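Visitor: quick check, what structure comes out for this input:
(one chain, ligands or ions: 2)
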Amino acid sequence: MKNFINIADIGKGDLRKIIDHAKHQKEKRSKLKKSAIDPDKPLADKILIMIFEKPSTRTRLSFELAMKQLGGQILVLNAKESHYGSENESVHDTAKVLSQYGDIVMMRTHQHKHFLKFSTHLDIPIINGLTDLSHPCQIMSDIMTFEELKGSITNKKIAWLGDGNNVVYSLIEAAVKFNFELAIACPTKLGPEKKIIKWANKNNAKILITKNPFEAAKSADCIMTDKWISMGDKGNKNNKKKLLKPYQVNKKIMESAKSDAIFMHCLPANRGEEVTDEVIDGKQSVVWQGALNRIHLQKSIIQWCLK
Ligand code: CP
Ligand code: NVA
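Guide: Ligands and ions are numbered 1, 2, ... in the order given. Next up is the predicted model:
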């Protein structure tokens, strides 16, 4: 039984296998309809329980489709409509019950430390579907998309512009594991978690952190960003947006990158804030392919956990 909590916890060989398996499975069912179940039904006897403390469109539906296409079943729990996390029932007791109802859990939660606590009481694997700290499924899927279009990500340059949030946390871990160059441009106050930068530096990461968005974007193979205000963000939103304004991904930024650079965004996007319509709807944008690949990559993560 294996959990999928953070990219840093998983060996390089396994991470590579997860991506390659996703590419292979996508290719294998390329002629099948969206509703068709894979003929070998690899998850025919499995149930995935999904718990959401925060909203989701892509993560929820791509996990659901992933299970359906692999012949499995799903159960969905909206945390607010259940006893999970309330004073009615301990996290321990909920975890013990869910361990009997399903074979694997995917959870999207506010606090990473609550996710970890819940995981210790479960007797079945758990997948991190986003916490305030990290979003590993997203970044694994982004690597798959990058490689479909640009070949191996090793030694390529990825630039991140904007907030030092949960998505960039997983991107930093991936830069170490997949050995790519990562340039992060952000205001000093909104940089990524210090502990992950420390870990990355200790592990020979090729990471640049700069206040200059053009320095980060220069000759990049891929420009990435995310919304400036994440779910559950506290503090002064207007002030944060003001600080992040110079980090918008627009035509000028894309022109600093390589001429064939791609633009990625995990979505949902706030058009006109972190990215202009011109860029997200432009030729270099691969956001729809990125969203589609969530299905295929998730399949691979579920199967890796259950192996
Ligand atoms: N990118 C992503 O995780 O989207 P959702 O919030 O819609 O799940
Ligand atoms: N950073 C964003 C990602 C959404 C998929 C958030 O946490 O809201």
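
Visitor: hmm, the longest helix belonging to the chain touching ligand 1?
Guide: The longest helix of the chain (DSSP state H) is helix 287-306. No - figure legend: helix 287-306 not in contact with ligand 1 (Cβ under 6 Å from any ligand atom); closest approach 7.1 Å. For the C-beta atoms, the positions are set from N, CA and C on the backbone; glycine is no exception.

Visitor: which helices and strands sit right next to that helix?
Guide: Applying 3 or more Cβ pairs under 8 Å, 6 or more residues apart in numbering; DSSP states H and E, we find helix 287-306 packed against helix 12-28, helix 58-69, strand 104-108, strand 126-128, helix 136-150, strand 262-265.

Visitor: so, low pLDDT: which residues of this structure?
Guide: Along the chain, no part satisfies pLDDT under 70.

Visitor: can you tell me the closest non-neighbouring residue to the residue nearest the centre of it?
Guide: Note on the chain: the residue nearest the mean C-alpha position is Gln138, at 1.8 Å, using Cα atoms, centre = their mean. In this structure, Gln138 finds its nearest non-sequential neighbour in Cys266, 4.8 Å apart by Cβ to Cβ, 6 or more residues apart in numbering.

Visitor: write out the residues of this protein neighbouring ligand 1.
Guide: With Cβ under 6 Å from any ligand atom as the criterion, the chain comes near ligand 1 at residues Ser56, Thr57, Arg58, Thr59, Leu130, Gln138, Cys266, Leu267, Pro268.

Visitor: can you pick the most crowded of those?
Guide: The most crowded member of the residues of the chain next to ligand 1, judged by other Cβ atoms under 10 Å, is Leu130 (28 neighbours).

Visitor: that one is in contact with Asn166, isn't it?
Guide: Yes - in this structure Leu130 lies within contact range of Asn166 using Cβ atoms under 8 Å: 6.5 Å.

Visitor: ok, back up a step: residues contacting the residue nearest to the centre of the chain?
Guide: Contacts for Gln138 (Cβ atoms under 8 Å, 6 or more residues apart in numbering) come out as Leu130, Val167, Ser170, Cys266, Arg294.

Visitor: can we see that at 7 Å?
Guide: Val167, Ser170, Cys266 (Cβ atoms under 7 Å, 6 or more residues apart in numbering).

Visitor: got JSON lines for these, with distance to ligand 2 too?
Guide: What follows is the contacts of Gln138, written out as JSON lines (distance: Cβ to the nearest ligand atom, whole Å):
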{"residue": "Val167", "distance to ligand 2": "5"}
{"residue": "Ser170", "distance to ligand 2": "10"}
{"residue": "Cys266", "distance to ligand 2": "5"}
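
Visitor: Ala185: which of the residues you listed is nearest?
Guide: Nearest to Ala185 among the contacts of Gln138: Val167, at 14.6 Å, using Cβ to Cβ.

Visitor: now do the strand or helix carrying the closest one: distance to the chain's middle.
Guide: Val167 is located in helix 166-178, with elements delineated by DSSP states H and E. Taking the mean of its C-alpha atoms, helix 166-178 sits 10 Å from the chain's own mean (Cα atoms, centre = their mean, to the nearest Å).
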